[in-house]
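>>> Only the shape, not the letters, is given here:
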């Protein structure tokens, strides 16, 4: 998914200009962003031992991140609703 450094051959240029390659490259940066968010929120070290402990720890980290994202979305919706209500009240007062 990562582009090759330096001068590209004709074949490599065609590969990198392909739509599938461009789409995959964009998805790669989204994955890197998600991994960074998990690391910032506690997944940088896994105190559990073994593969089952690691899987459990990763699952909980992903679940926690999803809950955090849902909370941010709900908070944003609530703020927008408060803004709309305040706007209606100002309209009625005017």
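Ah, there it is. Worth saying up front: this structure is predicted, and the values here are computed from it rather than measured.
>>> how distant is stretch 44-56 from the center of its chain?
A distance of 22 Å separates the centroid of the chain from that of stretch 44-56, by Cα atoms, centre = their mean, to the nearest Å.
>>> how long is that stretch end to end?
Counting by Cα to Cα, to the nearest Å, you get 14 Å between the two ends of stretch 44-56.
>>> Strands of the protein, residue ranges please.
For the chain, applying DSSP state E gives no strands.
>>> Ranking helices and strands of it by mean pLDDT, which lands last?
Here the helix or strand of the chain ranked lowest by mean pLDDT, DSSP states H and E is helix 19-38, holding a mean of 78.
>>> which helices and strands does that helix pack with?
Here helix 19-38 touches helix 50-93, going by 3 or more Cβ pairs under 8 Å, 6 or more residues apart in numbering; DSSP states H and E. C-beta here means a position set from N, CA and C on the backbone, and glycine is covered the same way.
>>> So the protein: which segments form each domain?
Domains of the chain are assigned by the TED database as 1-41, 46-93.
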